[in-house]
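[1] for reference, the sequence and a predicted model appear below.
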Amino acid sequence: EAGVVQSPRYKIIEKKQPVAFWCNPISGHNTLYWYLQNLGQGPELLIRYENEEAVDDSQLPKDRFSAERLKGVDSTLKIQPAELGDSAVYLCASSLNEGSGNTIYFGEGSWLTVV
Amino acid sequence: GQNIDQPTEMTATEGAIVQINCTYQTSGFNGLFWYQQHAGEAPTFLSYNVLDGLEEKGRFSSFLSRSKGYSYLLLKELQMKDSASYLCAVSGNTGKLIFGQGTTLQVKP
């Protein structure tokens, strides 16, 4: 069974440019997450989807970040314009359902460097 | 507020036993997870505890005390490949998973 798939794996862009990340969750998982991970830190939730509905986007900087999950499967995360401080790993994850006891499975992440 | 605390770094010797502690304060409790993350890779699931006590899975065991807001991950018969970051994460009453900063474990020969 395929795991969570993300692309691109690595991206280097100049500041003020836009960037987009794509995620395909594990088949059948209706909960999808985007996490941000800085070096030496644990993942921090940006947004969580239940099917196509964003149920928790309180940590998403909405002035420059946007996300969508059309049809409740694949998702994209966009940053426009990117800033130097956005350099980090963007992890997509999925679980069967939201809530207790449901293991979250992570993709390998999209490594962003803003120069 | 919500807070998860774990040591930043630990060092241990190949073949030894190491215990990584995690303390937490959260709004409600719906379980505690441990993840392993090798450098440059995704976090991978190790264990889940929702009731007090010890869960054993091969060389890895995880313990939970809900009354103390405390967990530990025990790694036995350490191998060089166990060098990684170990993330403690707690699910609160909203189901949201909050991660600690991670403990970087270095296993030396």
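    Okay, I see it.
[2] name the residues that touch stretch B:3-10?
    By C-beta atoms under 8 Å, 6 or more residues apart in numbering or on different chains, the residues outside stretch B:3-10 that reach it are A:40, A:42, B:18, B:20-26, B:86, B:88-90, B:98-106. Yep, even glycine has a C-beta here, placed from its N, CA and C like the rest.
[3] inside strands: which ones of these?
    Using DSSP state E, the subset of those located in strands is B:18, B:20-25, B:86, B:88-90, B:98-99, B:103-106.
[4] give me the three-state assignment for B:Glu77.
    coil (DSSP: H, G, I helix; E, B strand; the rest coil).
[5] hang on, it packs against B:Gly15?
    Yes. Using C-beta atoms under 8 Å, B:Glu77 makes contact with B:Gly15 at a distance of 6.2 Å.
[6] which bits of chain A sit near chain B?
    For chain A, the residues in contact with chain B (C-beta under 8 Å from any C-beta of the partner chain) are A:4, A:40-45, A:48, A:56, A:91, A:98-101, A:103-109.
[7] just the buried ones from those?
    A:4, A:41-43, A:45, A:48, A:56, A:91, A:98-100, A:104-109 (16 or more other C-beta atoms under 10 Å in any protein chain shown).
[8] ok so, going back, if we look at chain A, which of the ones in strands among the contacts of stretch B:3-10 are close to it?
    B:Ala89, B:Ile98, B:Phe99, B:Thr104.
[9] distance check, the closest residue to B:Leu105 other than its chain neighbours against B:Val107.
    Residue nearest to B:Leu105 in three dimensions, not counting chain neighbours: B:Met10, with 5.1 Å by C-beta to C-beta, 6 or more residues apart in numbering or on different chains. B:Met10 sits 10 Å away from B:Val107, going by C-beta to C-beta, to the nearest Å.
[10] who's more crowded, the two?
    B:Val107 (20 against 17; other C-beta atoms under 10 Å in any protein chain shown).
[11] residues contacting that one?
    B:Thr11, B:Ala12, B:Thr13, B:Glu14, B:Leu78, B:Gln79, B:Met80, B:Asp82, B:Ser83.
[12] what's the burial count for the last one?
    Put plainly, it is B:Ser83. 17.
[13] that one touches B:Gln106, doesn't it?
    Yes. Using C-beta under 8 Å, B:Ser83 is in contact with B:Gln106, at 5.5 Å.
[14] where is pLDDT lowest across the ones next to chain A among the ones in strands among the contacts of stretch B:3-10?
    Among these, B:Ile98 has the lowest pLDDT, at 89.
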